[in-house]
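Peer 1: take a look and give me a structure for this.
(one chain, ligands or ions: 1)
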Amino acid sequence: MSGLTIYGIPTSRALRSVWMAEELHQEIGLAYKNIPTHFIDESKEPDYLAINPNGRVPAMDDDGLILFESMAINLYLARKHKDSALSPRDLAEDAQATQWSFWAMTELEPNIIALVVRHPKIAMSPPNPEIEDAAREAIERPLKVLDAHLDGRDWLFGDRFTVADLNVSAVMSLSKFIGLEFSAYPHVQDWFDRCLARPAYAAAQNK
Ligand SMILES: N[C@@H](CCC(=O)N[C@@H](CS)C(=O)NCC(=O)O)C(=O)O
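Peer 2: This is a model prediction of the structure:
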């Protein structure tokens, strides 16, 4: 397919990549299309499986380059569009963007998801107080690390909102589904609010 296409409905992890594409659209005029593929059924259709054989969203087609994994898609788009403020400016920034993206996916996401899927509002898995308590405890360490890192900083690195801020806050935004707060971590909460106040985040949600 020509141009940039992001597959996936915004009420899913696809929001991360739609948000990234929307940031680039608003900042540098990048044109993109969002095909709102649902993750339950549409992602299992043969046409979609040919794009992402995992049957999950998001996926991306950029002039024939096909990628899955939200963080990989966003890092690729940031690296490609060097004229964007979200793009890493040098190898050191690129390494930090990779670090924080991997960190969000390994330290935070599994534990936030463990809480989201068992929350009565979502109820995708049966409640399990033992797993939920362990997940709540497990996010304390990374949140303390993030809070200390953000003490005296507005953004994860540099003087601007970058793909790293987007990737980490987008992973954390799963918490919105269940009203999970970060107010015990004041620097995290302020930064998280700053990230989610981005007009592109609102626009991506309304796709
Ligand atoms: N690690 C992947 C996870 C993608 C993922 O699990 N997406 C969910 C929607 S939030 C999905 O497509 N689930 C459908 C399924 O597992 O069958 C990413 O970040 O892109």
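
Peer 1: run through who's touching whichever helix in the chain runs longest.
Peer 2: With secondary structure taken from DSSP state H, the chain has its longest helix at helix 14-28. Applying C-beta atoms under 8 Å, 6 or more residues apart in numbering, the set of residues contacting helix 14-28 from outside is 4, 6-8, 10, 30-32, 34, 37, 39, 57-58, 60, 70-71, 73-74, 77-78, 81, 83-86, 163, 166-167, 170-171, 173, 198-201, 203-205, 207. Just so you know, the C-beta spots here come from the backbone N, C-alpha and C atoms, and that holds for glycine as well.

Peer 1: could you point out which element follows it?
Peer 2: strand 32-35 (DSSP states H and E).

Peer 1: what about that following strand, average pLDDT?
Peer 2: In this model, strand 32-35 has a mean pLDDT of 98.

Peer 1: got a list of contacts for whichever helix or strand comes after it?
Peer 2: Next helix or strand after strand 32-35 toward the C-terminus (DSSP H and E): helix 46-49. With contacts defined as C-beta under 8 Å, 6+ apart, helix 46-49 is touched by 7, 37, 42-43, 55, 59.

Peer 1: report the buried residues of helix 46-49.
Peer 2: Y48 (16 or more other C-beta atoms under 10 Å).

Peer 1: residue numbers of the chain in contact with the ligand?
Peer 2: Within the chain, the positions adjacent to the ligand are 12-13, 39, 43, 55-58, 69-70 by C-beta under 6 Å from any ligand atom.

Peer 1: secondary structure class for L67?
Peer 2: Under DSSP: H, G, I helix; E, B strand; the rest coil, the three-state class of L67 is strand.

Peer 1: residues contacting it?
Peer 2: Shown in contact with L67 (C-beta under 8 Å, 6+ apart): 59-60, 73, 76.

Peer 1: now these as JSON lines including neighbour count?
Peer 2: Formatted as JSON lines, those follow (neighbours: other C-beta atoms under 10 Å):
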{"residue": "A59", "neighbour count": "26"}
{"residue": "M60", "neighbour count": "27"}
{"residue": "I73", "neighbour count": "22"}
{"residue": "Y76", "neighbour count": "18"}
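
Peer 1: so of those, which ones are in strands?
Peer 2: 59-60 (DSSP state E).

Peer 1: nearest to I112 among the contacts of L67?
Peer 2: In terms of C-beta to C-beta, no member of those lies closer to I112 than I73, at 19.7 Å.

Peer 1: on that earlier part again, redo the contacts of L67 as a markdown table? Include pLDDT.
Peer 2: Below are the contacts of L67 laid out as a markdown table (pLDDT from 0 to 100):
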| residue | pLDDT |
| --- | --- |
| A59 | 98 |
| M60 | 98 |
| I73 | 99 |
| Y76 | 99 |
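
Peer 1: and which of the contacts of L67 is nearest to P186?
Peer 2: Closest to P186, out of all of these and judged by C-beta to C-beta, is I73, at 31.4 Å.
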